[in-house]
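> prediction below, plus the sequence it came from.
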Amino acid sequence: MTKNYLKLQFYSLPCNQAFARDAVAAFCVPLNPSLSELSDIKTAVSEAVTNCTVHAYRGNLGIITIECESDERSLHIKVIDTGRGIEDINKAVQPFFTTLPGDERSGMGFTIMQTFMDDFKVNSIKGEGTVVYMTKNLKVETENA
């Protein structure tokens with residue numbers, strides 16, 4: 001299988017969360033993911049896009065960019081915003097940390113992304129935006145397994 005690439009841009013509207021999740025899922029179908037792996041990918045993308053909508057743009061309209069690249073057995077995803085940025089990434093990735101506690105946010109978005117993906121990293125510059133990098137290594141199914 002050759003490498004493949006996808007770049008998707010859309011407005012930071014809550015209704016686009018499902019679109020982004022489904023587009024990334026469709027992109028990785030040629031890798032033949034299990035239902036569990038596909039669910040993990042969709043959940044992580046949903047969390048990343050929700051973070052952009054809720055935290056990066058705080059209800060204002062902005063652009064979210066998703067870039068995906070696949071190779072033989074891995075899916076690499078970048079979710080990019082040009083919003084507020086994150087002041088303290090180490091604090092932000094801690095379970096239950098939220099900048100909007102009165103808004104019924106669980107503070108588990110980054111934790112969920114870390115848990116469901118095999119590799120996870122966040123880069124952010126305050127006032128310029130954030131890039132979330134995620135990789136899912138897909139299991140090779142063997143016959144007679």
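Alright, I've got the coordinates. Residues are numbered from 1 along each chain as shown.

> distance of Lys139 from Asp118?
Lys139 sits 11 Å away from Asp118, going by CB to CB, to the nearest Å. From N, CA and C alone the C-beta is placed, and that goes for glycine too.

> equivalent analysis for Ala26, please.
In this view, Ala26 and Asp118 are 21 Å apart by CB to CB.

> settle it for me: which of those two has more neighbours?
Asp118 (13 against 10; other CB atoms under 10 Å).

> could you pull up the residues touching the residue lying closest to the more buried one once chain neighbours are set aside?
In space, and not counting its chain neighbours, Asp118 is closest to Asn137: 4.6 Å by CB to CB, 6 or more residues apart in numbering. Residues near Asn137 by CB atoms under 8 Å, 6 or more residues apart in numbering: Arg73, Ser74, Asp118.

> isn't Glu87 right next to Lys126, touching?
Yes - look at Glu87 against Lys126 with CB atoms under 8 Å: they come within range, at 5.4 Å.

> where is the longest helix in this protein?
helix 35-51 (DSSP state H).

> buried residues in it?
Residues 37-38, 40-51 are the ones in helix 35-51 that count as buried (16 or more other CB atoms under 10 Å).

> after the lowest-mean-pLDDT helix or strand in the chain, which helix or strand is next?
When each helix and strand of the chain is scored by mean pLDDT, DSSP states H and E, helix 89-92 comes last, with a mean of 71. Following helix 89-92 in sequence order, the next helix or strand is helix 109-116 (DSSP states H and E).

> between that next one and helix 35-51, how big is the angle?
Interaxial angle of helix 109-116 relative to helix 35-51 (axes from the mean of the first three to the mean of the last three CA atoms, to 10 degrees): 160 degrees.

> packing partners of helix 109-116?
helix 35-51, strand 119-125, strand 129-137 (3 or more CB pairs under 8 Å, 6 or more residues apart in numbering; DSSP states H and E).

> buried ones in the last one?
Along strand 129-137, the positions that meet the burial threshold by neighbour count (16+ other CB under 10 Å) are Gly129, Thr130, Val132, Tyr133, Met134, Lys136.

> I'd like those residues as a markdown table, with distance to Ala20 and pLDDT appended.
Output for these, formatted as a markdown table (distance: CB to CB, whole Å; pLDDT from 0 to 100):
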| residue | distance to Ala20 | pLDDT |
| --- | --- | --- |
| Gly129 | 17 | 96 |
| Thr130 | 15 | 95 |
| Val132 | 12 | 96 |
| Tyr133 | 16 | 98 |
| Met134 | 13 | 97 |
| Lys136 | 15 | 97 |
